[in-house]
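# after the sequence you'll find the predicted model.
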Amino acid sequence: MDYEITIEKRKEWNTVKKSVDLEEEKLRSEYNEQIKTYQRKMKYLIYVLLNNKCQCCGETDPSYFNIDHVHNDGSKDKKYNIASWSGRYKIVKRNPSRYQILCANCNYAKHQNGGEMYVPELGWVVRKNKST
Ligand SMILES: [Zn+2]
């Protein structure tokens, strides 16, 4: 079979391809928005499940929130899919007492304090141990 590709056919093909590309891009964009909305909801559900504030200083701005393992046993969760908020939600919902919200500052201070919640009035556990 002999095809003759004329300039008109090529223009027609390009027009069709552009409209398909635009439609695909629109669908992809809508899909991504739905995923983002769903993930935001999952994140919010986790925060509500964990009292929606830093359990150390009471910070309520979610921009600062970290999900902390109360007993520093995060390695137990490595077998689970925590790449998405929906995955994290499933894990947290299973046993919420293992987790708490800490703001970035308090989470960092807990880490620096050898895994113990840092209480400014009591001072540093790690530093105390090092000096004795
Ligand atoms: Zn805090």
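Right, received. Where do you want to start?

# quick one: the strands in the protein, in order.
Counting by DSSP state E, the segments of the chain that form strands are 65-69, 99-103.

# what residue ranges in the chain score low on pLDDT?
In the predicted model of the chain, residues 1-2, 126-132 satisfy pLDDT under 70.

# what's the lengthiest helix in the chain packed up against?
Within the chain, and with DSSP state H defining each element, the longest helix by residue count is helix 7-49. Other elements packing on helix 7-49 under the criterion 3 or more C-beta pairs under 8 Å, 6 or more residues apart in numbering; DSSP states H and E are helix 85-94. Where you see a C-beta, it was placed from the backbone N, CA and C, and this is true even at glycine.

# what parts of the chain come near the ion?
Contact residues (C-beta under 5 Å from the ion) of the chain with the ion: Cys54, Cys56, Cys57, Glu59, Cys103, Cys106.

# only the buried subset of the residues you listed, as a PyMOL command please.
Here is the PyMOL command that selects only those of these that count as buried (16 or more other C-beta atoms under 10 Å):
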select buried, resi 54+56+59+103+106
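
# how about the residues of the chain next to the ion in a markdown table, adding distance to Asp21?
Shown next, in a markdown table, are those (distance: C-beta to C-beta, whole Å):
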| residue | distance to Asp21 |
| --- | --- |
| Cys54 | 46 |
| Cys56 | 50 |
| Cys57 | 50 |
| Glu59 | 45 |
| Cys103 | 44 |
| Cys106 | 48 |
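
# would you check that Tyr118 makes contact with Ala109?
Yes. Using C-beta atoms under 8 Å, Tyr118 and Ala109 qualify as a contacting pair, with a distance of 3.7 Å.

# these two: who's more crowded?
Legend: neighbour count by other C-beta atoms under 10 Å for Tyr118 and Ala109, higher for Tyr118 (22 against 19).

# excluding chain neighbours, give the residue nearest to the residue nearest the centre of the chain in space.
The residue lying closest to the centre of the chain (C-alpha atoms, centre = their mean) is Trp85, at 5.1 Å. Using C-beta to C-beta, 6 or more residues apart in numbering and skipping the chain neighbours, the partner closest in space to Trp85 is Met42 (3.8 Å).

# now Gln112: how far from Arg28?
As judged by C-beta to C-beta, to the nearest Å, Gln112 and Arg28 stand 43 Å apart.
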